[in-house]
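1. take a look and give me a structure for this.
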Amino acid sequence: MSTVWHNPQRPITPAADLHGDSLDSSTASGNGSSPAAGNGAARGAERDERADVAAKYRRTLCRQLYAELPADAAQQDPDELSLQLEVRLESLLRDDGALLDDADQQTVIDMVIDEVFGFGPLGPLMRDAELSDILVNGPFQVFVEKKGQLSTTGVTFDDVPHLLRVIERMVSQTGRRIDASHPMVDARLTDGSRINAILNPPAINGPLLSIRRFGSRPLTADDLIKNQTLACEMLDFLAACVRTRLNIVIAGGTGSGKTTLLNALSRFIRSSERIATIEDTAEIELQQPHVVKMEARPGGDGRAAITMRELVKNTLRMRPDRIIIGECRGAETLEMLQAMNTGHDGSMTTIHANSPREAFSRMELMICLEGGDIPVWALRKQMASSIDLVIHISRQLGGARKVVSIAEVTGTEGDVISMQDIFRYEQTGVVNDVAVGHFEATGIRPNCFERLAAAGAGLAPQFFMRRQLAGGNQPAGASPRFGV
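-> Sure, this is the predicted structure:
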C-alpha cells in the first residue's frame, strides 16, 4: 500500500484525563470512578461530559486525517482509501497514547469518507431514512424533523467555509451553481431529495440549507391508513373519485403532506392511461407505465428559462389523458383550469392554502397577479366548472398529518363558489401537546354519486350516512376496499 499522507507528524492533543482510556461514550461512562458514584444525576452528567469530549476527539481526528489527504483523494477507490485511513488512524492513536474501540475507529473513517465523497457532517443524517427534513442554520446549528417533530442535533460544521464546501458539492451534482452572483438555488439531488440553499448575503447569519427528504419508497394507501392520515372510508371515496376521473385539488400548508397524498392517490389511476406530470422540482413518483415527466428550468448561465405555464401549454399538444401539476404557483393556474375543462378529466394538482375556500382565493389571486384579464365572476365560474373536489390536508399539533376536509364543489351562487364537506376531521382536544380527534362522514351524499355509480365504484348511498369513522385502525397488511 502506497503512503498518501503529506503531514504524518502533525500532533493531536486530546483532553489529558482521557489518555489511556477508551473514548467510546458507553465504555468511558461505565468505570464507576466518579466521586459522585452514589448519585445517579452526577453519574449521568459525567457520562454526558465524557461522551461530548469523545465526540470532539473524533472530530479532531477526522480533521487531522482529512488535512493529510492528497489532492487526488477524491479520485481514489473508496475501499482502498478506507484501508489507508485505518492504517494512518492507528498510527495517530499510537503516537497520541489514546484508545478508540473498533466502532469509534470506523466512525472516524466514515467521517473522513463523507468529507471526501459525500456531504461531510450531514452524511449520517442523509442515510437516516426516518428523517423527513434536515435544516442547517449556519455552521453550528442543524435541526431535523422525524415523525413530524423538529429537534436539534449535535451535528456541526467546522466553520462557514466547511459548510460552503458541502453546499457547493450538493449543488454541483444537480448541474446548477451557487456563488456570490447566484446566492440562491433550488434543486433536486440524485436520490430525489429537494434542496434549497441561500448564501450570505442575503442570509445574515451564515449559509442556510434546507433538505426535504423522501423515504426509500413513496408512502402507499396502506401507509396513510396506518399513520391515521385519513379513514378507510375516506380513502375508498377518494380512490373512486380518481378512477372516475374527477378533477382534484389538494390544499395544505408547507410540509403538510400534499405531495405525499398526491403520490398515494395517483396509484389508483389506470395503467392504460397516458399521464403527464409537470413540476418545478420533480417529486411525484408514479407507478404507471405510460408517464411523461417534465420539470421547469430556471434561467441563467446563458440558458432561457422554461416556465411551468409553457410546459402546461405544450403538454396539451402531447395527447395526455391526465395532467398532474406538482404545485400551482403562478400563471400555470389558468392553463390548468382550461385543461381540466377541455377534455383532460382526472387531472390533479396541489396548492398552498389553509382551507378549501382559501384554495380558490389563492388561485384567483395568482391568475390576477399574472395579468389574467378575466372578470371575477367569469373566473369563479371557470374554477367551479373545472374542479370537482378539494382535499385539505394539515399538520396537526404534535406533527401528525390529517386530511381535515374532503369538499365537493357544487357550482356557484352568484359570485360565490359553493362547496359541501363530504368527510372531515373533527379535533376534540389536545393531550400531552398532541391533537386528538376523529374522522366523520357529514351525511351529505355528493352530487357526483351518479358519476361514481356509472363508473362502477360500488359505493352504496348508505356509505355517506352521518357517522363517526374509525380512523386508521385497519389491520396491518390489509388493503383499502376499493381499487387496490
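
2. any low-confidence regions in the stretch 101-250 of the chain?
-> Within the stretch 101-250 of the chain, the stretches with pLDDT under 70 are 215-217.

3. kindly recompute the last result at 80.
-> Within the stretch 101-250 of the chain, the stretches with pLDDT under 80 are 175, 214-218.

4. only C-alpha atoms, please: export the longest strand anywhere in the chain in CSV.
-> In terms of residue count, the longest strand belonging to the chain (DSSP state E) is strand 416-431. Extracted C-alpha coordinates of strand 416-431, given in CSV (Å, rounded to 0.1, in the frame of the first residue of the first chain):
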residue,chain,number,x,y,z
VAL,A,416,-69.7,32.7,-4.7
ILE,A,417,-68.3,29.2,-5.3
SER,A,418,-70.4,26.6,-3.4
MET,A,419,-68.9,23.7,-1.7
GLN,A,420,-70.0,20.9,0.7
ASP,A,421,-68.0,18.7,3.0
ILE,A,422,-68.4,15.0,2.4
PHE,A,423,-65.8,13.9,5.0
ARG,A,424,-63.9,15.8,7.7
TYR,A,425,-61.6,15.5,10.7
GLU,A,426,-63.0,16.9,14.0
GLN,A,427,-60.4,17.8,16.6
THR,A,428,-61.8,17.2,20.0
GLY,A,429,-58.9,18.3,22.2
VAL,A,430,-55.2,18.2,23.0
VAL,A,431,-53.4,15.5,25.1
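
5. dump stretch 389-402 to PDB, keeping only the CA atoms.
-> What follows is stretch 389-402, C-alpha atoms only, in PDB (Å, rounded to 0.1, in the frame of the first residue of the first chain):
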ATOM      1  CA  LEU A 389     -63.000  18.000  -5.400                       C
ATOM      2  CA  VAL A 390     -60.800  19.900  -2.900                       C
ATOM      3  CA  ILE A 391     -58.900  17.900  -0.300                       C
ATOM      4  CA  HIS A 392     -57.500  19.900   2.600                       C
ATOM      5  CA  ILE A 393     -54.600  18.200   4.500                       C
ATOM      6  CA  SER A 394     -53.000  19.800   7.500                       C
ATOM      7  CA  ARG A 395     -50.200  19.100  10.000                       C
ATOM      8  CA  GLN A 396     -51.800  18.900  13.400                       C
ATOM      9  CA  LEU A 397     -50.300  19.800  16.800                       C
ATOM     10  CA  GLY A 398     -47.900  17.000  17.600                       C
ATOM     11  CA  GLY A 399     -46.800  16.600  14.000                       C
ATOM     12  CA  ALA A 400     -49.400  14.200  12.600                       C
ATOM     13  CA  ARG A 401     -50.800  14.900   9.100                       C
ATOM     14  CA  LYS A 402     -54.500  14.600   8.800                       C
END
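
6. that one: how far from the chain's middle?
-> Relative to its parent chain, stretch 389-402 has a centroid offset of 15 Å by CA atoms, centre = their mean, to the nearest Å.

7. if I look at Ala67, how far off is Ala55?
-> Computed with CB to CB, to the nearest Å, the distance linking Ala67 and Ala55 is 19 Å. Just so you know, the C-beta spots here come from the backbone N, C-alpha and C atoms, and that holds for glycine as well.

8. Met383 now?
-> When distance is defined by CB to CB, Met383 is 55 Å away from Ala55.

9. before we move on, back to that, so what does the very next helix or strand once past the longest strand of the chain touch, helix or strand wise?
-> Moving toward the C-terminus from strand 416-431, the next helix or strand (DSSP states H and E) is strand 434-441. Helices and strands in packing contact with strand 434-441 are listed as helix 232-243, strand 416-431, strand 467-469; criterion 3 or more CB pairs under 8 Å, 6 or more residues apart in numbering; DSSP states H and E.

10. so for the last one, mean pLDDT?
-> This means strand 467-469. Summarised as a single mean, pLDDT over strand 467-469 is 93.
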